[in-house]
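Colleague: no sequence for this one, just the structure:
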């Protein structure tokens, strides 16, 4: 073993690259409006991993003429498995004790994570990486570890076959690059614009190109064959390439949004190529980037980057479920970062480092010593505590339901589905009225004929109910609109409701254009968007390009206290109302903020009581100018 690795060198600058990648990923989740492309830290990780693993395999093959695949697996498992198992047990125990709404599918999540097939499990269960509201789970991020480990399982075997039967490194390099290009093309083929891209985002087949490109680099740029002394002109060129690649990566982290088709039509492949350049320059001892990317902070983060990535989601999901992060967002962001680093440091000191050098043949002996240790000894206390946490986690996995929702979630889903069906029926009847040229409600608008129950139910005057009866409205929005649409269509029988669970504002312009082309955009438009993610002024401008100036547009702001984009969304909607003369703000947030009893447990969707107040406010605002 020692002889095999005697010529290898630790490239400290890679800790810097890992640091930048993990910072990008965390800020993508904590500050989505500022770090819009931070998810691209994952392909950077993949490239570094592909290069390092292949570089080590090449060194071993050169020095010994073979690869000890069993030892390779053993080293990888000692490096990765302890922290993963600790996170899965700890998170499962926490869910069992404090957050049982996340018990659903816990068993499948944990088992698929342990066997490193979580990416395909999530795909098969319809999970979405991009559902910022309802789909987040403390195990969402395990998909990337699954992709990487699947590569670890098969790549050493493929490598040995290539070395034995192809031998020529140039041909091997071209073959790997060809496979990477095929993977990127497959991503482009399977990606469908306007639909959730999770399948191509999670798929091993569509994400392998980043790892393959890193592996291909090792064949033409082996770390042990690079010369420290090179001409000054060559050094300047290398440093310039390193600077350019890093600058472009940072710009991609800041601006390359995950909803852009370009990302899947080659954008992520280009980011991987930039990562390859940065890895190559950092690995070269003749360039300066290894030194520039080496500092105590990057070294600390880089060595713990696996743990930071591993623990980020559990900390964020658990913290944000208990705390109103929409207020004092920056403070909560700092708190979450501190918690992530604290948990990571505990894991690094007491799990990862000790077990990386632990002789697993002595596992039984070690457990026996812990069991027999004095009751007040640190060893015994640690053993009892760990056993208790593991037992709670196992109980949680045993009692965890599969594909089931609790009573509160079931009630919400039922309400949304019923309202959606009712909205479709209302839309159909409105179309029949328009096509026949006869308005069935005409001539029935005298106040004496208005059912007093409708006015009383929604705290409206009979005059308001009468006016609402003849007002044509197009309501377009997400699940919050659907939760309250039954009452709206009672008050506004000529309302057309187009709602979809998980709909985002930035995806809406083409959908509104389709309604416009069908003639279903009335003069009065109600928009209920922003629940599921942030947007910017350009996104809203695209909506207004579709709607134009002739429509009166009413925008409802959001009440999403457990999501950090709430205040940004509401501020942007308020700004839009000031920017466009025909845009009017309905302040649902302020109206409902001190009434938690108006909402389901998620504090986002109005329940039956909240829907009455929701409809009352909207009706009042829509009828102001009538």
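Modeller: Nice, thanks for sending it over. Every value quoted in this text rests on a predicted model; they were computed, and no experiment measured them.

Colleague: List the neighbours of stretch 146-159 that are in contact with it.
Modeller: Applying C-beta atoms under 8 Å, 6 or more residues apart in numbering, the external contacts of stretch 146-159 come out as 45-46, 49-50, 53-54, 57, 61, 67, 69, 72-73, 76, 80, 112-113, 116-120, 202, 204, 207-208, 211, 215. (C-beta placed from N, C-alpha, C; glycine too.)

Colleague: which parts of that stretch are buried?
Modeller: 146-152, 155-156, 159 (16 or more other C-beta atoms under 10 Å).

Colleague: Repeat that for stretch 237-252.
Modeller: Within stretch 237-252, the residues scored as buried using 16+ other C-beta under 10 Å are 238-239, 241-242, 245-246, 248-249, 252.

Colleague: cool, stretch 321-339 as well?
Modeller: 321, 325-326, 329, 332-333, 336-337, 339.

Colleague: Sort out which of these are in helices and list them.
Modeller: With helices taken from DSSP state H, the overlap with the buried residues of stretch 321-339 comprises 321, 329, 332-333, 336-337, 339.

Colleague: Show the pLDDT at residue 422.
Modeller: Per-residue confidence at residue 422 stands at 63 (pLDDT).

Colleague: cool, and residue 409?
Modeller: Reported pLDDT for residue 409: 63.

Colleague: coming back round to it: pull the most distant pair out of the ones in helices among the buried residues of stretch 321-339.
Modeller: 321 and 337 (17.5 Å; C-beta to C-beta).

Colleague: before we move on, the earlier item: quickly name whichever of the ones in helices among the buried residues of stretch 321-339 is closest to residue 287.
Modeller: For these, the nearest to residue 287 is residue 337 (31.3 Å; C-beta to C-beta).

Colleague: and that closest one, what is it in contact with?
Modeller: Shown in contact with residue 337 (C-beta under 8 Å, 6+ apart): 26, 30.

Colleague: switch to 10 Å and redo it
Modeller: Neighbouring residues of residue 337 by C-beta atoms under 10 Å, 6 or more residues apart in numbering: 23, 26-27, 30, 308, 312, 315-316.

Colleague: same check, this time on residue 334
Modeller: For residue 334, the contact set (C-beta under 10 Å, 6+ apart) comprises 30, 328.

Colleague: ok so, going back, among the buried residues of stretch 146-159, name the ones in helices.
Modeller: 146-152, 155-156, 159.

Colleague: can you redo those residues as JSON lines with pLDDT and distance to residue 483?
Modeller: JSON lines is the format used below for those (pLDDT from 0 to 100; distance: C-beta to C-beta, whole Å):
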{"residue": "146", "pLDDT": "97", "distance to residue 483": "35"}
{"residue": "147", "pLDDT": "97", "distance to residue 483": "36"}
{"residue": "148", "pLDDT": "96", "distance to residue 483": "40"}
{"residue": "149", "pLDDT": "96", "distance to residue 483": "40"}
{"residue": "150", "pLDDT": "96", "distance to residue 483": "40"}
{"residue": "151", "pLDDT": "95", "distance to residue 483": "43"}
{"residue": "152", "pLDDT": "94", "distance to residue 483": "45"}
{"residue": "155", "pLDDT": "96", "distance to residue 483": "48"}
{"residue": "156", "pLDDT": "96", "distance to residue 483": "52"}
{"residue": "159", "pLDDT": "96", "distance to residue 483": "54"}
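
Colleague: need the residues you listed in JSON lines with distance to residue 86, can you?
Modeller: Below are these laid out as JSON lines (distance: C-beta to C-beta, whole Å):
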{"residue": "146", "distance to residue 86": "17"}
{"residue": "147", "distance to residue 86": "21"}
{"residue": "148", "distance to residue 86": "18"}
{"residue": "149", "distance to residue 86": "16"}
{"residue": "150", "distance to residue 86": "21"}
{"residue": "151", "distance to residue 86": "23"}
{"residue": "152", "distance to residue 86": "19"}
{"residue": "155", "distance to residue 86": "26"}
{"residue": "156", "distance to residue 86": "26"}
{"residue": "159", "distance to residue 86": "30"}
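
Colleague: still on that earlier bit, with respect to pLDDT, which of the buried residues of stretch 321-339 ranks lowest?
Modeller: residue 326 (71).

Colleague: Quick check: it touching residue 561?
Modeller: Yes: Residue 326 is within contact range of residue 561, at 5.0 Å (criterion: C-beta atoms under 10 Å).

Colleague: can you give me phi and psi for residue 499?
Modeller: Main-chain torsions, residue 499, degrees, to the nearest 10: phi -130, psi 150.

Colleague: so which strand or helix has the residue nearest to it when sequence neighbours are not counted?
Modeller: Distances taken as C-beta to C-beta, 6 or more residues apart in numbering place residue 482 nearest to residue 499, at 4.1 Å, with adjacent residues excluded. Per DSSP states H and E, residue 482 falls inside helix 479-491.

Colleague: list the helices and strands that helix packs on?
Modeller: Applying 3 or more C-beta pairs under 10 Å, 6 or more residues apart in numbering; DSSP states H and E, one finds that helix 479-491 contacts helix 407-436, helix 452-457, helix 462-469, strand 473-477, strand 495-499, strand 524-528, strand 552-556, helix 608-622.

Colleague: Confidence-wise, which of the ones you listed is weakest overall?
Modeller: What stands lowest among these, in mean pLDDT terms, is helix 407-436, with a mean of 59.

Colleague: Below-threshold pLDDT in the stretch 101-250 of the chain: ranges please.
Modeller: Flagging of the stretch 101-250 of the chain using pLDDT under 70 yields the residue ranges 129-136.

Colleague: make it 80
Modeller: 126-136, 194-195 (pLDDT under 80).

Colleague: tell me the contacts of residue 464?
Modeller: So residue 464 contacts 450, 455, 458, 491, 616, 619-620, 622-623, 626 (C-beta under 10 Å, 6+ apart).

Colleague: try 8 Å this time
Modeller: Neighbouring residues of residue 464 by C-beta under 8 Å, 6+ apart: 455, 619-620, 623.

Colleague: ditto for residue 246
Modeller: When contacts are counted by C-beta under 8 Å, 6+ apart, residue 246 touches residue 278.

Colleague: Where does it sit: helix, strand or coil?
Modeller: Here residue 246 is recorded as helix under DSSP: H, G, I helix; E, B strand; the rest coil.

Colleague: Residue 289 versus that one, what's the distance?
Modeller: Applying C-beta to C-beta, to the nearest Å, the value for residue 246 to residue 289 is 8 Å.

Colleague: Need the overlap of contacts for the two.
Modeller: Joint contacts of residue 246 and residue 289 (C-beta under 8 Å, 6+ apart) are residue 278.

Colleague: helix or strand for the closest residue to residue 184 other than its chain neighbours, which one?
Modeller: Counting by C-beta to C-beta, 6+ apart, residue 269 is the residue found nearest to residue 184 once chain neighbours are left out, at 4.1 Å. Residue 269 is part of helix 268-283 when elements are defined by DSSP H and E.

Colleague: what packs against that helix?
Modeller: Under the contact definition 3 or more C-beta pairs under 8 Å, 6 or more residues apart in numbering; DSSP states H and E, helix 268-283 sits against helix 13-30, helix 41-64, helix 169-190, helix 204-220, helix 232-255, helix 289-292.

Colleague: Please find the angle between the direction vectors of it and helix 204-220.
Modeller: With axes from the mean of the first three to the mean of the last three C-alpha atoms, to 10 degrees defining the directions, helix 268-283 sits at 30 degrees from helix 204-220.

Colleague: what's in contact with helix 268-283?
Modeller: So helix 268-283 is in contact with 11, 13-14, 16-17, 40, 43-44, 46-48, 51, 180-181, 184, 187, 209-210, 213-214, 217, 221, 223, 226, 238-239, 241-242, 244-246, 248-249, 252, 256, 287, 289-290, 293, going by C-beta under 8 Å, 6+ apart.

Colleague: Tell me what angle that helix forms with helix 13-30.
Modeller: Orientation of helix 268-283 against helix 13-30 (the same axes, to 10 degrees) gives an angle of 150 degrees.

Colleague: Report the buried residues of stretch 577-591.
Modeller: Neighbour counts over stretch 577-591 (16+ other C-beta under 10 Å) mark 577, 580, 583-589, 591 as buried.
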